[in-house]
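S.K.: Pasting the sequence and the predicted model now:
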Amino acid sequence: MRYGKAVKDSVIKRVLPPDAESIRAVSLDTGISDQTIRNWLAKFNQGIIGEGAPLGPRQLGTTEKFNLLLEASSLSEEELGPWIREKGLHTEHLQLWKQEIRDTVNTKSSQEKKNMREANKRIKELEKEVYRKDKALAEMAALLTLKKKLQYILEENEDD
């Protein structure tokens, strides 16, 4: 089972001083195995996980990936190799991220087009409804006017 960074951090915080709870007690409380907690603690001590730990390629968000792609695109061929090694990446990561961002943009573009079509269709339906209601309102106004004229004519005839 995979656990999020927040869960790992909270468990490690409980095991380390000042709380310094036993690994067994934390394990029973959280339902996470003793060995998993020990592995996390070892990685924390090595600086692999924790506050200052670098994120691996799989943990990076879209924004970070995009920023890394921009940074990589500004580098020359000679500078790219050392930069990739420094960041702990592979050239395949950059290629995959480019495709991922292209797919995201294409999906978003097609989704926006679909939303625009639906909005235009809804606008036409609402315009038809407003036109129909305007006609009904005009008809009611005409009937009301005729009714008032009829009452006025009938009142005049009664006066005579």
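M.R.: It's in.
S.K.: can we go C-alpha only for contacts and neighbour counts from here?
M.R.: Fine.
S.K.: Nearest residue to the residue nearest the centre of the chain in space, ignoring adjacent ones along the chain?
M.R.: In the chain, the centroid-proximal residue (C-alpha atoms, centre = their mean) is residue 62; its distance is 11.0 Å. Excluding its sequence neighbours, the residue lying closest to residue 62 (C-alpha to C-alpha, 6 or more residues apart in numbering) is residue 101, at 7.8 Å.
S.K.: element containing the one you found?
M.R.: helix 91-159 (DSSP states H and E).
S.K.: Please name every helix or strand in contact with that helix.
M.R.: If contacts are counted by 3 or more C-alpha pairs under 8 Å, 6 or more residues apart in numbering; DSSP states H and E, helix 91-159 sits against helix 62-73.
S.K.: Export only the CA atoms of the helix it packs on, formatted as PDB.
M.R.: Extracted in PDB, the C-alpha atoms of helix 62-73 (Å, rounded to 0.1, in the frame of the first residue of the first chain):
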ATOM      1  CA  THR A  62       2.500  19.400 -13.700                       C
ATOM      2  CA  THR A  63       3.800  22.800 -12.800                       C
ATOM      3  CA  GLU A  64       7.200  21.500 -11.700                       C
ATOM      4  CA  LYS A  65       7.500  19.300 -14.800                       C
ATOM      5  CA  PHE A  66       6.700  22.300 -17.000                       C
ATOM      6  CA  ASN A  67       9.300  24.500 -15.200                       C
ATOM      7  CA  LEU A  68      11.900  21.700 -15.600                       C
ATOM      8  CA  LEU A  69      11.100  21.400 -19.300                       C
ATOM      9  CA  LEU A  70      11.500  25.100 -19.800                       C
ATOM     10  CA  GLU A  71      14.800  25.100 -17.900                       C
ATOM     11  CA  ALA A  72      16.000  22.100 -20.000                       C
ATOM     12  CA  SER A  73      15.000  23.700 -23.300                       C
END
